[in-house]
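1. Here you go, sequence then predicted model.
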Amino acid sequence: MRRSVLLPAAVAVIATAFTASCSSPGSSTAAGSKEVRVSLITSTSGPLASYGEQYLRGFEAGLDHATDGTGTVDGVKITLLKDDDGGDPAKGVSLAKQRIGQGVPIIAGSAASGVATQIAPVAAQNKTLYISGPAATDALTAANRYTFRSGRQTYQDVMTAKGILGDSPGKKVVVLAQDNAFGQANAAAVKSVLGTGGTTVTPVLAPPSATDLTPVASKVKAAGPDMVFVAWAGDTAQAMWSTLDQQGVLDAATVVTGLDSRASYPVFGKAREKVTLLAHYVPGAASTPEAEAMRAYFGKKKWEEDLFTPDGYNAAQMVVEAVRAGGADADTDAMVKALEGFTFSGVKGQNTVRAGDHALLQPTFQAKFTTAGEPEVSRTFPAEQVAPAEKKIG
């Protein structure tokens, strides 16, 4: 199932405490050098498998660049252990517990919000560094002292939409979504961020099983919106875009949705040139040294960059910084301290780990499809413009 805009904001569930059985995460290799093991827990099967693959490829390229191709930091080898959570929270937690029990001091990954929010408390209980992946739920920010994120969060997506809408009072926004947890979460997020300063936000929620979407499109158009915020997932996406176009909605208002992975581009059909995209990342758009290094690495591998490759790249850079600070003993307190306030150049531009709540401040983009069907950036929003409100670590 492809998600068009935002991952739903999952509620963190407190997992059962688990005590690590290994007291010394750093270990000696056969050659006498030191290593720090990193568990990459993400989806390589299940509905978010493509997101996990993008993340892992980005991580590989980022580690190569951040270590000058050596895979080592100050003489400490970084050893990767890859685990598939399948998008299943119970499996993700089980894998995290297993790796912690083996003395692994760093866990990274998770494309699924439900997985990430359950690994986070396990990491905290065991003083294990956790750097989440593409999971977008706002619940990960300020979750605990040991949890960081390498990707964006829902709030940043909605703030991008706010930048596209502009500040003029009295505007009308309609959220078009399905009447399920995913759609309801998006409607609530848009209302909380955009529904201020005289802007009204009205949800139009369609039954998830609906195949005739004409009544829904008619209701959206009748509301006379200035902006339609579309959060849609599933097999009816192509029919939904076609119906909006046929009913004139795409010509009557600014219609905004999130850019998904490359595989989703054809879903828009003939409507694609009328849709405004809010984008976490647009492949090929950035020209930072890290973006150029990633493209060079991907070129050798014959890979294509995609929506979540920057998240993996960021995670690798953060792991390298953490290992540099924590050393072969993987001193968790030292690693946490090093990442708090860490500012670094990433694929998209400058990133900052906000010390107060571990939000990852980063630029986002407004984009559009070209006639060739590829997205291109029409506007970049600086990190400070789309920054989430600061929270207190619980």
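-> Now that the structure is in, tell me what you want to look at. Numbering: from 1, shown residues only.

2. Do I have it right that A237 meets P266?
-> No. Assessed by Cβ atoms under 8 Å, A237 is found out of contact with P266, at 10.4 Å. C-beta coordinates here come from the backbone N, C-alpha and C atoms, glycine included.

3. more neighbours, the two?
-> A237 (21 against 10; other Cβ atoms under 10 Å).

4. ok, now which ones touch the most centrally placed residue in the chain?
-> Centroid-nearest residue in the chain: P134, 3.0 Å away (criterion: Cα atoms, centre = their mean). By Cβ atoms under 8 Å, 6 or more residues apart in numbering, the contact set of P134 is L7, Y51, Q54, Y55, S110, A111, G151, F308, D311.

5. Skipping adjacent residues, who's closest to A359 in space?
-> Nearest residue to A359 in three dimensions, chain neighbours excluded: T141, at 4.6 Å (Cβ to Cβ, 6 or more residues apart in numbering).

6. Can you get me a residue count around the one you found?
-> Neighbour tally, T141, other Cβ under 10 Å: 24.

7. Report the separation between it and A389.
-> 10 Å (Cβ to Cβ, to the nearest Å).

8. Next: V122.
-> When V122 is compared with A389 (using Cβ to Cβ), they lie 27 Å apart.

9. Of those two, which one has the most company?
-> Neighbours were counted for V122 and for A389 using other Cβ under 10 Å; V122 has more, 23 against 11.

10. That one contacts A96, correct?
-> Yes. Contact criterion Cβ under 8 Å: V122 and A96 qualify, at 5.2 Å.

11. Which neighbours do those two have in common?
-> With Cβ under 8 Å, 6+ apart as the test, V122 and A96 both reach T128.

12. Contact partners for the nearest residue to Y51 once chain neighbours are set aside?
-> Closest residue to Y51 apart from its sequence neighbours, by Cβ to Cβ, 6+ apart: A111 at 3.9 Å. Each residue near A111 by Cβ under 8 Å, 6+ apart is listed here: T42, S43, L48, Y51, G52, Y55, G87, G133, P134, A135, F308.

13. again, 6 Å this time
-> T42, S43, L48, Y51, G52, G133, P134 (Cβ atoms under 6 Å, 6 or more residues apart in numbering).

14. now do V347
-> V347 neighbours (Cβ under 6 Å, 6+ apart): A286, E290, A291, M294, P310, Y313.

15. Generate a markdown table for these, with secondary structure as supplementary columns.
-> Shown next, in a markdown table, are these (DSSP: H, G, I helix; E, B strand; the rest coil):
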| residue | secondary structure |
| --- | --- |
| A286 | coil |
| E290 | helix |
| A291 | helix |
| M294 | helix |
| P310 | helix |
| Y313 | helix |
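
16. residue boundaries of the helices in the stretch 101-250 of the chain?
-> 113-125, 154-165, 181-194, 214-222, 237-246, 249-252 (DSSP state H, counting those that start in this stretch).

17. buried ones in the longest one?
-> It refers to helix 181-194. Within helix 181-194, the residues scored as buried using 16 or more other Cβ atoms under 10 Å are F182, G183, Q184, A185, N186, A187, A188, A189, V190, K191, V193, L194.

18. And stretch 332-346, by the same measure?
-> Neighbour-count burial for stretch 332-346 [16+ other Cβ under 10 Å]: T332, M335, V336, A338, L339, F342, G346.

19. Distance check, the residue nearest to A206 when sequence neighbours are not counted against D329.
-> Distances taken as Cβ to Cβ, 6+ apart place V216 nearest to A206, at 4.5 Å, with adjacent residues excluded. As judged by Cβ to Cβ, V216 and D329 stand 58 Å apart.

20. Neighbour count: the two, which is higher?
-> V216 (21 against 14).

21. Can you tell me which of the buried residues of stretch 332-346 is nearest H65?
-> Of all the buried residues of stretch 332-346, H65 sits closest to G346, with 10.5 Å by Cβ to Cβ.

22. from memory the closest one sits against E290, does it?
-> Yes. Here G346 reaches E290: they are 5.5 Å apart, a contact under Cβ atoms under 6 Å.

23. Identify the residues contacting the closest residue to S50 other than its chain neighbours.
-> Nearest residue to S50, sequence neighbours excluded (Cβ to Cβ, 6+ apart): S261, at 5.7 Å. Neighbouring residues of S261 by Cβ under 6 Å, 6+ apart: S50, D306, L307.

24. What about these, which one has the most neighbours?
-> L307 (25 neighbours).

25. who touches that residue in this structure?
-> Counted by Cβ under 6 Å, 6+ apart, L307 has contacts S261, Y281.

26. From A279, how far out is the nearest residue to N180 once chain neighbours are set aside?
-> Using Cβ to Cβ, 6+ apart and skipping residues adjacent in sequence, the residue nearest N180 is P208, 5.1 Å away. The gap separating P208 from A279 is 25 Å, by Cβ to Cβ.

27. More neighbours: those two, which one.
-> Between P208 and A279, A279 has the larger neighbour count (other Cβ under 10 Å), namely 26 against 14.

28. I'd assumed P363 was in contact with that one.
-> No. Under the criterion of Cβ under 6 Å, A279 makes no contact with P363, lying 10.3 Å away.

29. and the nearest residue to T200 once chain neighbours are set aside, what does it touch?
-> Leaving aside its chain neighbours, T200 sits nearest to K172 (5.3 Å; criterion: Cβ to Cβ, 6+ apart). Applying Cβ under 6 Å, 6+ apart to K172 gives the contacts T200, P225, D226.
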